[in-house]
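# Okay, structure incoming, though there's no sequence with it:
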């Protein structure tokens, strides 16, 4: 055997290194799912390389990311007096959303009111442009900065309430549900739906004839496949998005009709059961009652008391006044006003998660 052959036989054999987990698209997506749900997380990851950009912007991955983070961060809320109040000031600058992204474009003499927020979209009603009265809706996506004007439907009735509902997994497509009323011997309440894809309002899809006047006490709540509004007189107006029907129901409350504003602010309709059903939060002294609306086999709805929670965690004062001033649907939380500040309380874990 030659010297060259002996030298080759003595050379150690090397095993190729195992592939990196980052080389597997499925494993890499599982890792990226664990990124925090902050506004900059996916944007930063997409800038690593073309492959990461492709994976991050895959619609299937986006849906998985939303499902994995069941409760997105609360970016802020609308205060009737102070306007939009951001909750991102404590985050790094890359995760702060400028306040003006949540508001209509700056324009001299522009007057507007916030109508509702739903799954990342904000709906405004424009009432004045300069010295001219105006009837328009404006849909704003604060994350992308997209704005879309929606003309008012041609109706003779009085505007009652409205809501915007984005399509599942794509905020660029949405519908606006607007409810109007005409007062006569009876109150005629009817609804119309605007489709962003068609760009037009549909015909009146449903109507109700009521013996009392309709006054909406707050923004809408999306529960299941229906939009709900809390009405004065402790009733609920519901619009089913699938059947496109208006209905109303009462709440499990034995109250007088002449209660003051503070009393009404002790009640708030909320989504329960992972957002599939309608619920009700009621402040009773130092406790909060959580009710749930359940529909039986005969489609008869009943309200059942599911839990009673103690509002005695510090720094809340058991004897102090507590008012419900809002609900963060996707965070399963409510905004609670007290004499010592404004609190965000998680309803499932009954923990204070923020204070302002």
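Great, that's in hand. All values derive from a computational prediction rather than experimental measurement. Residues are numbered from 1 along each chain as shown.
# need the longest helix for the protein.
For the chain, the helix with the greatest residue count under DSSP state H is helix 59-68.
# which parts of it are buried?
61, 65, 66 (16 or more other C-beta atoms under 10 Å). In this view, the C-beta of every residue, glycine as well, is placed from N, C-alpha and C.
# try stretch 201-211
For stretch 201-211, by 16+ other C-beta under 10 Å, it's 201, 204, 205, 206, 208.
# Of these, which one scores lowest on pLDDT?
Of all the buried residues of stretch 201-211, residue 206 carries the smallest pLDDT score, 81.
# Would you map the strands across the stretch 51-200 of the chain?
76-79, 83-86, 111-118, 121-129, 132-140, 147-151, 158-167, 170-183, 187-195, 200-201 (DSSP state E, counting those that start in this stretch).
# so which of those strands gets nearest residue 246?
Nearest to residue 246, of all the strands of the stretch 51-200 of the chain, is strand 187-195, at 5.4 Å by C-beta to C-beta.
# Now do that closest one: which elements does it pack against?
Applying 3 or more C-beta pairs under 8 Å, 6 or more residues apart in numbering; DSSP states H and E, one finds that strand 187-195 contacts strand 170-183, strand 200-201, strand 206-210, strand 245-250.
# Any chance of JSON lines for those, columns distance to residue 153?
Putting the helices and strands packed on strand 187-195 into JSON lines (distance: least, C-beta to C-beta, whole Å) gives the following:
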{"stretch": "strand 170-183", "distance to residue 153": "6"}
{"stretch": "strand 200-201", "distance to residue 153": "4"}
{"stretch": "strand 206-210", "distance to residue 153": "14"}
{"stretch": "strand 245-250", "distance to residue 153": "15"}
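# Tell me which of these sits most buried.
Per-stretch averages of neighbours, counted by mean count of other C-beta atoms under 10 Å, single out strand 170-183 among the helices and strands packed on strand 187-195, with a mean of 18.
# in its sheet, what does that one sit against?
Strands adjacent to strand 170-183 in the sheet, as given by DSSP bridges, are strand 158-167 (antiparallel), strand 187-195 (antiparallel).
# Show me where the stretch 251-356 of the chain dips below the pLDDT cut-off.
For the stretch 251-356 of the chain, applying pLDDT under 70 flags the ranges 253-264, 296-300, 313, 315-319, 353-354.
# again, only this time at 90
251-277, 279-356 (pLDDT under 90).
# quick one, which of the strands of the stretch 51-200 of the chain is nearest to residue 344?
Set against residue 344 and scored by C-beta to C-beta, the strands of the stretch 51-200 of the chain come closest in strand 76-79, at 8.6 Å.
# How far off centre is the closest one?
Taking C-alpha atoms, centre = their mean, to the nearest Å, one finds strand 76-79 lying 12 Å from the centre of the chain it belongs to.
# tell me the mean pLDDT for it?
76.
# What are the contacting residues of that strand?
With contacts defined as C-beta atoms under 8 Å, 6 or more residues apart in numbering, strand 76-79 is touched by 84-88, 97, 99, 102, 114, 117, 326, 328, 335.
# Any of these buried? List them.
If we count by 16+ other C-beta under 10 Å, the contacts of strand 76-79 have these buried: 84, 86, 88, 97, 102, 114, 117, 326, 328, 335.
# mind listing what the fifth one touches?
The one in question is residue 102. Residues in contact with residue 102 (C-beta under 8 Å, 6+ apart) are 75, 76, 78, 84, 86, 122, 140, 142.
# Looking at those, which is nearest residue 250?
residue 78 (28.3 Å).
# Identify the bridge partners of the closest one.
Judged by DSSP bridges, the bridge partners of residue 78 are residue 84.
# and the gap between it and residue 187?
Look at residue 78 and residue 187: by C-beta to C-beta, to the nearest Å, they are 28 Å apart.
# Show me the domain layout of the protein.
104-250, 256-356 (automatic domain parsing).
# could those go into a markdown table alongside distance to residue 36?
Converted to a markdown table, the domains of the chain look like this (distance: least, C-beta to C-beta, whole Å):
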| stretch | distance to residue 36 |
| --- | --- |
| domain 104-250 | 15 |
| domain 256-356 | 15 |
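# Out of the ones you listed, flag the one nearest residue 39.
domain 104-250 (6.5 Å).
# circling back to that earlier point, tell me the one of the buried residues of stretch 201-211 nearest residue 126?
Of the buried residues of stretch 201-211, the one sitting nearest to residue 126 (C-beta to C-beta) turns out to be residue 201, at 16.3 Å.
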